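Novice: Sharing a model prediction with you, sequence too.
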Amino acid sequence: MNLFPCEVENGNNGCRLRASPELAFDLAMNRERLPLERYLLGIRPHHLFLADPDNRMTLFQATVELAEVVGSNTELHFTHNGMRLTLLMQQVEQFPVGKEVTSYIDPNHLYIFDSLQSYYFLGAGG
């Protein structure tokens, strides 16, 4: 699982979890449900994508560090704003190291962990 820190902010219709200046998730969740200021967000590699055909995911830019073909899958290792993430694609594809890619996170599959004690706190999805 990819884990990265975030801060909680007040959002438009609930709260916002901000992982970087460009990467934030608006949740239809009352701010009182997230009493701490900081959490760890978790996202599984197969809930990161290079396309968003339904236009519902959160976009961010990342830099490729490694593209590893594993059988009929590709593990794409990249960084965004100092965060290291891994994306799992169910296809074989090559990416040059250093390439900038547009990536997407499905916010319905975020996991929220207490950053102080590292225990599972809450799922962000419906």
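Specialist: All right, it came through fine.
Novice: Who does the biggest strand by length in the chain pair with, and is each partner parallel or antiparallel?
Specialist: If each strand of the chain is counted by residues according to DSSP state E, the longest one is strand 58-70. Strands that pair with strand 58-70, judged by DSSP bridges, come out as strand 73-80 (antiparallel), strand 100-105 (antiparallel).
Novice: ok, D106 to N10 distance?
Specialist: 23 Å (CB to CB, to the nearest Å). Every residue, glycine included, has its C-beta placed from N, CA and C.
Novice: quick one: buried residues of the longest strand of the chain?
Specialist: Neighbour-count burial for strand 58-70, with 16 or more other CB atoms under 10 Å as criterion, is recorded at 58, 60, 62, 64-65, 67.
Novice: how much space is there between the residue nearest to V92 when sequence neighbours are not counted and E75?
Specialist: The shortest distance from V92 to any non-neighbouring residue, by CB to CB, 6 or more residues apart in numbering, is to V69 (5.3 Å). Between V69 and E75 the distance, using CB to CB, works out to 8 Å.
Novice: ditto for L88
Specialist: In this view, L88 and E75 are 6 Å apart by CB to CB.
Novice: any shared contact partners between those two?
Specialist: Taking CB atoms under 8 Å, 6 or more residues apart in numbering as the contact definition, L88 and E75 share the neighbouring residues P45.
Novice: Would you agree Q90 is in contact with G71?
Specialist: No. Q90 sits out of contact with G71 when judged by CB atoms under 8 Å, with a separation of 10.0 Å.
Novice: returning to what we had before: contacts for the longest strand of the chain next, please.
Specialist: Under the criterion CB under 8 Å, 6+ apart, residues 20, 22-25, 52, 74-80, 84-85, 92-105, 107 lie in contact with strand 58-70.
Novice: picking up where we left off before, what about D106 and N10, which has more around it?
Specialist: Of the pair D106 and N10, D106 is the one with more neighbours under other CB atoms under 10 Å, namely 18 against 8.
Novice: Now that one: closest residue in space, sequence neighbours ignored.
Specialist: Excluding the flanking residues, the one nearest D106 by CB to CB, 6+ apart is H47, at 4.7 Å.
Novice: who touches the one you found in this structure?
Specialist: Taking CB under 8 Å, 6+ apart as the definition of contact, the neighbours of H47 are 105-106, 109.
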